[in-house]
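Visitor: Just to be clear, the model below is a prediction. Sequence and coordinates:
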Amino acid sequence: MFTTVARTRSPWFSSYMDVKYILAQTFLRNVLTLHSDSKCVVSGGLRGFSSSCSLSAKTRGPTKKREVSEKKQTRFFVDHRKVMLMAGSGGKGACSFHSEPRKEWGGPDGGNGGDGGSIIIKANRFVKSLAEVVPVYKGEDGQPGRSKNCYGRNGNPKYINVPLGTVVKEQGKTIVDLSEHGQEYLAVFGGAGGKGNRFFLSNENRSPMNATPGVKGEERVLQLELRTMAHAGLVGFPNAGKSSLLRAISNAKPAVAAYPFTTLHPHVGIVNYRDHEQVAVADIPGIIRGAHLNRGLGISFLRHIERCRFLLFVLDLSAPEPWTQFQHLRYELDQYEPGLSTRPHAIIANKMDLPEAQEKLHTLKSLVTHRVIPISALTGQNTEELILHLRELYDGYLLGEAGGKAKPTGM
Ligand SMILES: Nc1nc2c(ncn2[C@@H]2O[C@H](COP(=O)(O)OP(=O)(O)OP(=O)(O)O)[C@@H](O)[C@H]2O)c(=O)[nH]1
Ligand SMILES: [Mg+2]
C-alpha cells in the first residue's frame, strides 16, 4: 500500500519509502527472534501492532524446585553458637528549670531517662537452626529525659529467635532449655533510666541541680546449643542405611548415597500410626570407631540423641563382622555420656536383601541378647515389624517414664 501511494508522487519518493518499509520489517523480525524464547509482547512502531509469543514458555513446562544438596544444607545448619549480649543502657535524666514570661523561677522540670531495651531469647518452631544467630547483640538504649518534664522513651526489647530444643548455657552450666514454641528467656536486663532533677524536688531542696545518668545495660556471654528433639534416634556406622531407613518408615527425605558421611546434620522424620499417634525418629551422622577421639565427624553431634528416649542401632549386615559394629557404637556412645547406650534400644539388621546377610543374622542373634529386627530399608522388607516395635518402645516409655506425657525430654 505504501508503494502504490508513493508511486503516484515521484519515483525517488517511492524507492525511499520502499527502503523504510523493508527496514521496519527487518527490525520487527529481529525483535521477535530475540524474544522468541520467552513470553513477550512486542509493540511495533506501526500503531496497534502487537504480537504474543508465549508458546515457547508453555512448552517449557512447570518449573521444578531444585533440591538443595546435603552439603549446601549443612552450611545453613548450625547447632551451636556463642553470643555476647549487651542490653541497652538507660537514658540520662535531664536537669532543667521551668521558665516563662513573668514566671522566671518555675521550678525544676527535668524528665527521667527511658529504660534500656532488654534482650530476650525466644523459641520459635519455624526456626530450624542457629544459623541466623549473630555473635553480638546490642539492645536499644533508652532516650534521655528532656525539659518540661518530658520522659525519655524506653528502648524496645530485642528478640533472638532460636529453634525448639535450644539449650542456653553459661560457662558450661545449663540455664534454660527452650523447648516449647513461644517460650522466652530474658537473658539480659536493660539498664534503668536516670532521674531528672524534678525527681529530687523536696521541701528541703526547692531547686535541685542534680540529675542521674542511666544505668548501663547488663552484659553476658552465653552458649546456645541445639539438641534435636525426637523419641527415637538412629545410630550406626556410615553407610549402614540409617537415612534409607528413615525414608522408608517416615515422611522425611534425607539424602542417601553409597559413600560414607552422606548425612552431615540430623534429620527428624515422623512415623504416623492409625490412631494418630506420632513417633519422631532422628537420623544422625554416622559414627566410626574412635569417633570420641574426633575421628570421622567426631561425636559432638551425639547431643542430638541425648534427648531420645530409645535408640535404634542400625547395623550393616553386608559388612564383614556386623556384631562388632554394635560393640563399637555402644562404646562410643558411652564415651560421650556414660550410660547413654543403656537406654531402651533395639538392633536393626539392615540390608537383608543381600545374599550374605542371612547367615550373618544367625550369628548376630546368637551373640546379642537384645531384640534383632531384620529389615531391608531398600526394598522395605519387614519394616512393619520395626514400626510396630517402635510403637511398643514408645508405649513403654509412656507408661514407665512420662506417666502419660508423650514427649521426649523437653519436647
Ligand atoms: N542392598 C541394600 N542397600 C541399602 C539398604 N539400605 C541402604 N542401602 C544402601 O546403602 C548406601 C548407604 O545408605 P544411606 O542410607 O545413605 O546410609 P547412612 O547410614 O545414612 O550413611 P551416612 O549418612 O553416610 O551415615 C546407599 O547406597 C543405599 O542405597 C538395604 O537395605 N539394602
Ligand atoms: Mg545418612
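Guide: Okay, I see it. Ligands and ions are numbered 1, 2, ... in the order given.
Visitor: what does the stretch 251-400 of the chain have sitting close to ligand 1?
Guide: Proximity of the stretch 251-400 of the chain to ligand 1, by CB under 6 Å from any ligand atom, involves residues 256-258, 260-263, 285-286, 350-351, 353-354, 376-378. Backbone N, C-alpha and C define where each C-beta goes, glycine included.
Visitor: For ChimeraX, what selects the buried ones among those residues?
Guide: Restricted to buried positions by 16 or more other CB atoms under 10 Å, the ChimeraX selection for those reads:
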select :256,262,263,285,286,350,351,376,377,378
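Visitor: Go through the residues of the stretch 251-400 of the chain next to ligand 1 and flag which are in strands.
Guide: Counting by DSSP state E, the part of those found in strands is Asn350.
Visitor: Which members of the residues of the stretch 251-400 of the chain next to ligand 1 are the farthest-apart pair?
Guide: Maximum pairwise distance among those (CB to CB): 24.3 Å, between Pro285 and Asp353.
Visitor: May I have the strand or helix carrying Lys82 as PDB, with CA atoms only?
Guide: For Lys82, the element it lies in under DSSP states H and E is strand 80-86. C-alpha atoms of strand 80-86 as PDB (Å, rounded to 0.1, in the frame of the first residue of the first chain):
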ATOM      1  CA  HIS A  80      25.900 -24.200  68.500                       C
ATOM      2  CA  ARG A  81      26.700 -20.600  68.900                       C
ATOM      3  CA  LYS A  82      28.400 -18.300  71.400                       C
ATOM      4  CA  VAL A  83      26.700 -15.000  71.700                       C
ATOM      5  CA  MET A  84      27.600 -11.800  73.500                       C
ATOM      6  CA  LEU A  85      24.600  -9.900  74.800                       C
ATOM      7  CA  MET A  86      24.600  -6.300  75.800                       C
END
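Visitor: could you point out which element follows it?
Guide: strand 119-123.
Visitor: Can I get that following strand as CSV, trimmed to CA atoms?
Guide: Written as CSV, here are the backbone C-alpha positions of strand 119-123 (Å, rounded to 0.1, in the frame of the first residue of the first chain):
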residue,chain,number,x,y,z
ILE,A,119,17.4,-9.0,75.1
ILE,A,120,15.1,-12.0,75.1
ILE,A,121,15.8,-15.4,73.7
LYS,A,122,12.6,-16.9,72.3
ALA,A,123,11.9,-20.4,71.0
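Visitor: continuing past it, what's the next helix or strand?
Guide: Following strand 119-123 in sequence, per DSSP H and E, is strand 136-138.
Visitor: helices or strands next to the helix or strand that that next one is followed by in the packing?
Guide: Past strand 136-138, further along toward the C-terminus, the next helix or strand under DSSP H and E is strand 158-162. In terms of contacts (3 or more CB pairs under 8 Å, 6 or more residues apart in numbering; DSSP states H and E), strand 158-162 is packed against strand 119-123.
Visitor: list the helices and strands the strand it packs on packs on?
Guide: strand 158-162, strand 166-170, strand 173-178, strand 184-188.
Visitor: Need these in TSV (columns: mean neighbour count).
Guide: Conversion of those to TSV gives the following (neighbours: other CB atoms under 10 Å):
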stretch	mean neighbour count
strand 158-162	20
strand 166-170	20
strand 173-178	16
strand 184-188	19
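Visitor: Indicate which one of these is closest to ligand 2.
Guide: strand 166-170 (23.8 Å; CB to the ion).
Visitor: per-residue pLDDT, Asp194?
Guide: For residue 194 the amino acid is Gly, not Asp. Gly194 carries a pLDDT value of 96.
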